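Asker: coords please:
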Amino acid sequence: MAEIHTFGDPRAQLQGRTLEEANMLITALSFFIVLSVLVLVHEFGHFIVARRRGIIVEEFGLGYPPRLAILFRHGGVLYTLNAIPFGGFVRLRGEDGREGVGSFASQPKRTRAAVLLAGPGMNFALAVLLFTASFMLGQPMPAPGAIITAVAPNSPAEAAGLRPGDVIIAIAGESVKVPSDLTRVVTTQAGQPVALTIRRDSQIFTIHVTPRTNPPPGEGPMGISIEQASEIQKLPLGQAFIYGLGSTVSFILVTLSLPILLLRGLIPIEAARPIGPVGIAQLTGGAVEASVAFGMAFPILQFVAVLSAALAVTNLLPLPALDGGRLLFILVETIRGRRIDPEKEGIVHLIGMALLITLMVLITYQDLVQGVPSIDWRGPGR
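Answerer: Numbers count the residues shown, from 1 in each chain. Just a heads-up that it's a prediction; the model follows:
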């Protein structure tokens, strides 16, 4: 009799492969769109300020060279389509140091600085806009109550029927606004029955629990883990803008304070390591999938807002080839009273670009080897 081997349902294997391929396509497409938008917004900032200050813009390119086609010419600007399909660039007359009418190099220092600052400024504005849209369309925000995230086996909480996801809104008749309200009352009621008012889905009811006086290590008197509750809130435009501006500024301040936080040991090195294109692509895909799963836009809006703010900060770093590096040369020019030889400045920026590309390759290799931690877009209670 012939031996029969079972290798699983081919249809299930095909379905799994198809789903994986679809996720890869979504990740690649969303990364392409997000990166292109961020870079084009950045370059548009340079473009619009340069035009307003009388600097001749020779080319606005979609993607990076080599050039594929000339789309059209308008107002003296050549609009082109290029082979590398990410972002774009603006080519200004005289940005290589040549002076003349309409040249970037012939402009006063304040004009050149304004053009350089306009790119990061547009990324900052985009971050505020996206955060504002996120708050307007709805996202999880802190709400009164303490949500149970875990229940220890054989604990008073388990015996009373408490479950992860339950929200404790009151204890012993006292409202619980923050988790510390619950902790404070529990520690004073150890060994005595205490009434908890619970919200589970749309139901509100009362459960009695007796906190332990000597709980096992790491469990607490009731045997639960809690965190601040949250709910989906949609804010009006004015309030959403204030929250959006505050979120952008807070992210930038935290980013700038990373070296101090690392030196003081307040955050691990792994949490502060840079992420390259591969990691950004993975996180972008995850944000898109979360938005689809929740039926809400806040994951992708917030993620792109963070990327835009990060791009603004990165470009202002005083490193050659970046806007911040070029601003540093303007500062040196101001101190010296004369400009550094454009050829020497160009060499410095060229070397800086080579080093940045090398760093990006190393970061990408690290992303491939170590992987990138995913973001849990679920707010408490979701």
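Asker: where does the stretch 251-382 of the chain have low pLDDT?
Answerer: With pLDDT under 70 as the threshold, the stretch 251-382 of the chain has low-confidence stretches at 270-271, 378-382.
Asker: switch to 90 and redo it
Answerer: Under the criterion pLDDT under 90, the flagged ranges of the stretch 251-382 of the chain are 254-282, 285, 292-295, 321, 337-347, 349-350, 352-354, 356-357, 359-361, 363-382.
Asker: all helices of it, in order?
Answerer: Taking DSSP state H, counting those that start in this stretch, the helices of the stretch 251-382 of the chain run over residues 258-263, 269-272, 277-294, 298-315, 323-336, 342-370.
Asker: now tabulate those helices in JSON lines and tack on distance to residue 225.
Answerer: All C-beta atoms are positioned from the backbone trio N, CA, C, and that covers glycine. Listed next are the helices of the stretch 251-382 of the chain as JSON lines, based on distance: least, CB to CB, whole Å:
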{"stretch": "helix 258-263", "distance to residue 225": "25"}
{"stretch": "helix 269-272", "distance to residue 225": "21"}
{"stretch": "helix 277-294", "distance to residue 225": "23"}
{"stretch": "helix 298-315", "distance to residue 225": "24"}
{"stretch": "helix 323-336", "distance to residue 225": "43"}
{"stretch": "helix 342-370", "distance to residue 225": "28"}
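Asker: highest mean neighbour count across these, which stretch is it?
Answerer: helix 298-315 (a mean of 22; mean count of other CB atoms under 10 Å).
Asker: relative to helix 342-370, how tilted is that one?
Answerer: Computed with axes from the mean of the first three to the mean of the last three CA atoms, to 10 degrees, the direction of helix 298-315 lies at 140 degrees from that of helix 342-370.
Asker: in the strand or helix carrying residue 118, what's buried?
Answerer: The secondary structure element spanning residue 118 is helix 109-137 (assigned by DSSP states H and E). Buried residues in helix 109-137, counting neighbours by 16 or more other CB atoms under 10 Å, are found at 111-124, 126-136.
Asker: and residue 239, what does it touch?
Answerer: The contact partners of residue 239, by CB atoms under 8 Å, 6 or more residues apart in numbering, come to residue 135.
Asker: CA atoms only for the helix or strand in which it is found - export them in CSV, please.
Answerer: Taking DSSP H and E as the definition, residue 239 sits inside helix 237-256. Coordinates of the C-alpha atoms in helix 237-256 are reproduced here as CSV (Å, rounded to 0.1, in the frame of the first residue of the first chain):
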residue,chain,number,x,y,z
LEU,A,237,-10.2,72.8,15.9
GLY,A,238,-8.8,75.4,18.4
GLN,A,239,-8.2,72.8,21.1
ALA,A,240,-6.9,70.3,18.6
PHE,A,241,-4.4,72.9,17.3
ILE,A,242,-3.1,73.6,20.8
TYR,A,243,-2.7,69.9,21.5
GLY,A,244,-1.0,69.4,18.0
LEU,A,245,1.5,72.2,18.6
GLY,A,246,2.2,70.9,22.1
SER,A,247,2.8,67.4,20.8
THR,A,248,5.2,68.6,18.2
VAL,A,249,7.2,70.8,20.6
SER,A,250,7.2,68.0,23.2
PHE,A,251,8.6,65.5,20.7
ILE,A,252,11.3,67.9,19.6
LEU,A,253,12.3,68.7,23.2
VAL,A,254,12.5,65.0,24.1
THR,A,255,14.6,64.3,21.0
LEU,A,256,17.0,67.1,21.8
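Asker: quick check: angle from that helix to helix 298-315?
Answerer: Between the axes of helix 237-256 and helix 298-315, defined by the same axes, to 10 degrees, the angle is 50 degrees.
Asker: now do the strands in the stretch 51-200 of the chain.
Answerer: Remark: strands of the stretch 51-200 of the chain, listed N- to C-terminal, are 57-74, 77-92, 139-151, 167-171, 174-175, 194-200; assignment by DSSP state E, counting those that start in this stretch.
Asker: give me the contacts around the shortest one.
Answerer: Strand 174-175 is contacted by residues 144, 169, 181, 185 when judged by CB under 8 Å, 6+ apart.
Asker: go again with 10 Å.
Answerer: Outside strand 174-175, the residues that touch it by CB atoms under 10 Å, 6 or more residues apart in numbering are 144-145, 169, 181-182, 184-185, 197.
Asker: same question, stretch 95-102
Answerer: Contacts of stretch 95-102 from elsewhere in the structure, counted by CB under 10 Å, 6+ apart, are 46, 50, 53-58, 76, 92-94, 103-107, 112, 115, 326, 339-346, 349.
Asker: and with 8 Å instead?
Answerer: With CB under 8 Å, 6+ apart as the criterion, stretch 95-102 contacts 54-56, 93-94, 104-106, 342-343, 345-346.
Asker: using CSV, lay out the residues you listed together with distance to residue 276.
Answerer: Formatted as CSV, the entries for the contacts of stretch 95-102 read as follows, by distance: CB to CB, whole Å:
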residue, distance to residue 276
54, 38
55, 33
56, 35
93, 33
94, 33
104, 30
105, 33
106, 38
342, 31
343, 32
345, 28
346, 26
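Asker: farthest-separated two in these?
Answerer: Maximum pairwise distance among those (CB to CB): 25.0 Å, between 54 and 343.
Asker: how about the residue at minimal distance from the centre of the chain, what does it touch?
Answerer: Taking CA atoms, centre = their mean, the centroid of the chain lies closest to residue 306, which sits 3.1 Å from it. Counting by CB under 8 Å, 6+ apart, residue 306 makes contact with 127, 251.
Asker: so it versus residue 319, what's the distance?
Answerer: Distance of residue 306 to residue 319, given as CB to CB, to the nearest Å: 21 Å.
Asker: again, but for residue 266
Answerer: Here residue 266 is placed at a distance of 25 Å from residue 319 (CB to CB).
Asker: residue contacts, residue 333?
Answerer: Shown here is residue 333, whose contacts under the criterion CB under 8 Å, 6+ apart are 109, 339-340.
Asker: which one of those residues sits closest to residue 254?
Answerer: Of all these, residue 254 sits closest to residue 109, with 31.4 Å by CB to CB.
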